[in-house]
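# Can you look at this prediction? I've put the sequence above it.
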Amino acid sequence: MESVNQKVDREAFCRQEAVISSLAIEYDYVACVNMKAHDVILYRVSKLFETLYNEIDPSLSEDERLRMFFKQVVYEEDWPGFQRSVEDEKIKSELSVCPSYEVFFRIKISDELYYYKLRFTASEADPDSVVVGLISFDEQTRAQIRHKEDADARSLIEKQFEVLITERTSEIQSKNKALNRINEDIIELLGDVTEARDAESGQHIRRVKGFTHILAEQVMRDWPEYKLTQNKVELITSASALHDIGKITIPDAILLKPGRLTPEEFDIMKMHSINGCGILQRAPKDWSEAYLTTSMEICRSHHEKWDGRGYPDGLKGNQIPISAQIVSVADCYDALTAKRVYKDAFSPDKACNMILGGECGAFSDMILQSFEKSRDKFVDYFNRGLSGLKTSISVGINAERLAGVRILLVEDNEMSRLIAREMLEGEGATVIEAKTGPEALDMFNAVVAGTFNAILMDVIMPGMSGPDVAKAIRQIDSPHARAIPIIALTSSTDEKDVRDCFLSGMNSYLTKPVKISSLTDALLSLIN
């Protein structure tokens, strides 16, 4: 009679054989490897790799032939990382917590690179053995997407592709947070846009953000009728950095005037609140409704006054959104404590007294009570904030790291083009814009080779996508077309978009929002 252990072993062996049989149907290479004895049982080598495998010295052990085989097929740049990933201890460690372990790498075939993965599965019949399968990652991804049955399968594919892309290039950022959340990077970016025009204003933006957070938290504690939550406080704080975004539309002669403005010039300056809302109306679609609404409230109404004597709409009392009321006080405090060409800076205590005494216009009594409670925090933040305040864009303006660099910017979103152009021109670059893929292709074909030093390409565009444009450029019979650096700029982290970028011939992939320092580094690295 068959013992219980023999029956279990037989069942385990049958399950393993079933696994091997299923892999052999579509995998290019399937083997069972005993990591203790270094024995290899080869089940399948596809015709694609059969010639290479047969050329390996048959007198070698199967384990040695296996290692030689992968040494031949793995792309040389990926070989060091591949070696580390397939060490016995690494495999055992991964399989101790998961039933399978996958390693991603590239294979070079006829001068073309293809993505592949090696899958290790624990052997049920032998604890010292693993089943090894090699398959094209592109084919596997398509097959998994076609046959996924639930959201967990989709999540697994996304994680696999994220691992692959992270290992392939240092240029790829970690996956963005949910697209309806606006993180701190976009605030720094928009502050940098303003600072590219006026360094004083850029620093002002960052200080106002700190003062806003202090006051908003105090209002939340003091006045529950405003229904502020911690999330709302963070939203107001983040959006406060956009209050002066409209200043990028104000002429330099007024914005940078070394003295007081005339009444006519001040009327133009006051338009920055309305112009800023016009810019925000063209914000990317992935901004959340709450963030966009708060940003618009602050941008338009932060110069309104409680008694109705502010601008641009003459709002009165609680007609002014609470977000704008808070930022208005923070903005006023920073203006008082900062030196301007037309006035000296007031001390922090003097500025507080001026606001509380009504010398800077009318504010809500409730907001003023919260401001008085938090005045020590304002002073402390003021003292800490003035030490060594520098930003990447101010360094870039002085250095003009992209001086002489000519860039073709391909972007269908008007606001994104505006931001990118201001950033790049602040670094000394010359920027030529194209709104669509076909327009970009026509521009590239029309100019003399070498006119552009690099191309910044949006990925998702109507009609002709960024990868389609890049592929068309690479197919032009010209050394310049084949060599010009192309960088993808997009908020998308979809695995198909990422893969299409690399397969189309793009050199790098940066996710929005992009800091000017990161973008400049990427451009200089590829151009040089």
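It's in. Numbering: from 1, shown residues only.

# so where do the strands sit in this protein?
Secondary structure of the chain, counting by DSSP state E: strands at 29-34, 39-45, 100-109, 112-122, 129-136, 406-410, 430-434, 454-458, 486-490, 508-511.

# and Met506, how many neighbours?
Using other Cβ atoms under 10 Å, Met506 has 24 neighbouring residues. Heads up, the C-betas are built off the backbone N, CA and C, glycines and all.

# out of the strands of the chain, which comes closest to Asp380?
strand 508-511 (35.5 Å; Cβ to Cβ).

# Just give the nearest non-adjacent residue to Met220, would you?
Leu228 (3.9 Å; Cβ to Cβ, 6 or more residues apart in numbering).

# Any figure for the gap between that neighbour and Asp222?
Separation of Leu228 from Asp222 (Cβ to Cβ, to the nearest Å) stands at 10 Å.

# more crowded one of these two?
Between Leu228 and Asp222, counted using other Cβ under 10 Å, the more crowded position is Leu228 (21 against 16).

# Please report the distance of Lys227 from Met220.
9 Å.

# Neighbour count: these two, which is higher?
Met220 (19 against 9).

# Give me the buried positions along stretch 508-516.
Ser508, Tyr509, Leu510, Thr511, Lys512, Pro513, Val514, Lys515, Ile516 (16 or more other Cβ atoms under 10 Å).

# Lowest average confidence across helices and strands, show me which element that is in the protein.
In the chain, no helix or strand scores lower on mean pLDDT, DSSP states H and E than helix 392-399, which sits at a mean of 33.

# any weak-confidence spans in this structure?
Low-confidence segments of the chain, defined by pLDDT under 70: 1-16, 137-203, 284-287, 340-343, 385-400, 492-494, 513.

# just the helices in the stretch 101-250 of the chain please.
Remark: helices assigned in the stretch 101-250 of the chain by DSSP state H, counting those that start in this stretch are 137-147, 151-168, 184-197, 199-222, 230-240.

# wouldn't Ile527 be in contact with Phe452 here?
No: using Cβ atoms under 8 Å, Ile527 is not in contact with Phe452, being 10.6 Å away.

# Neighbour count: those two, which is higher?
Applying other Cβ under 10 Å to Ile527 and Phe452 shows that Phe452 carries more neighbours, namely 19 against 13.

# wait, what's in contact with the closest residue to that one other than its chain neighbours?
Of all residues not flanking Phe452 in the chain, Leu408 sits nearest, at 4.7 Å (Cβ to Cβ, 6+ apart). Each residue near Leu408 by Cβ atoms under 8 Å, 6 or more residues apart in numbering is listed here: Ile432, Ala434, Ala440, Met443, Phe444, Phe452, Ala454, Ile455, Leu456.

# Find the nearest non-adjacent residue to the fifth one, please.
So that's Phe444. Spatial nearest neighbour of Phe444, excluding adjacent residues (Cβ to Cβ, 6+ apart): Ile473 at 6.0 Å.

# cool, the last one as well?
The shortest distance from Leu456 to any non-neighbouring residue, by Cβ to Cβ, 6+ apart, is to Leu409 (5.0 Å).

# Could you tell me how many residues sit around that neighbour?
When counting by other Cβ under 10 Å, one arrives at 22 neighbours for Leu409.

# What of Lys435?
Look at Lys435: counted by other Cβ under 10 Å, it has 16 neighbours.

# Test my guess that it contacts Asp412.
Yes: look at Lys435 against Asp412 with Cβ under 8 Å: they come within range, at 5.8 Å.

# Report the two of the buried residues of stretch 508-516 separated the most.
Taking Cβ to Cβ as the measure, the buried residues of stretch 508-516 reach their widest spread between Tyr509 and Ile516, a distance of 17.4 Å.

# ok, now how distant is Gly450 from Asp477?
For Gly450, the distance to Asp477 equals 15 Å [Cβ to Cβ].

# my bad, should have said Glu289
For Glu289 relative to Asp477 (Cβ to Cβ), the value is 48 Å.

# Over to Ala335?
Distance, Ala335 to Asp477, using Cβ to Cβ: 59 Å.

# Between these two, tell me which one has more neighbours.
Using other Cβ under 10 Å, the more surrounded residue of Ala335 and Asp477 is Ala335, with 16 against 6.

# Now that one. Nearest residue, chain neighbours left out?
In space, and not counting its chain neighbours, Ala335 is closest to His204: 7.7 Å by Cβ to Cβ, 6+ apart.

# burial count for the one you found?
Other residues lying near His204 total 21 when counted by other Cβ under 10 Å.

# swap in Pro312?
When neighbours are defined as other Cβ under 10 Å, Pro312 has 15 of them.

# Could you do the one 10 residues further on as well?
For Ile322, the tally of surrounding residues (other Cβ under 10 Å) stands at 21.

# What are the structural domain limits within this structure?
Domains of the chain are assigned by automatic domain parsing as 4-168, 184-385, 399-527.

# Return the distance of stretch 482-490 from the chain's centre.
Centre-to-centre, stretch 482-490 and its host chain are 16 Å apart (Cα atoms, centre = their mean, to the nearest Å).

# Okay, now it: how far is its last residue from its first?
Criterion Cα to Cα, to the nearest Å; first-to-last residue distance in stretch 482-490 is 22 Å.

# In it, which residues have enough neighbours to count as buried?
Ile484, Pro485, Ile486, Ile487, Ala488, Leu489, Thr490.

# now, among these, which is nearest to Glu112?
Once Cβ to Cβ is applied, the member of the buried residues of stretch 482-490 that ends up nearest Glu112 is Ile486, at 18.0 Å.

# any idea how far that closest one lies from Ser465?
Note on Ile486: its distance to Ser465, by Cβ to Cβ, is 13 Å.

# Can you name the residues that contact Lys305?
Ser328, Gly361, Ala362, Phe363.

# what pairs with the most centrally placed residue in the chain across the strands?
Centroid-nearest residue in the chain, with Cα atoms, centre = their mean: Thr511, separated by 3.1 Å. Beta-bridge pairing for Thr511 (DSSP bridges): Thr490.
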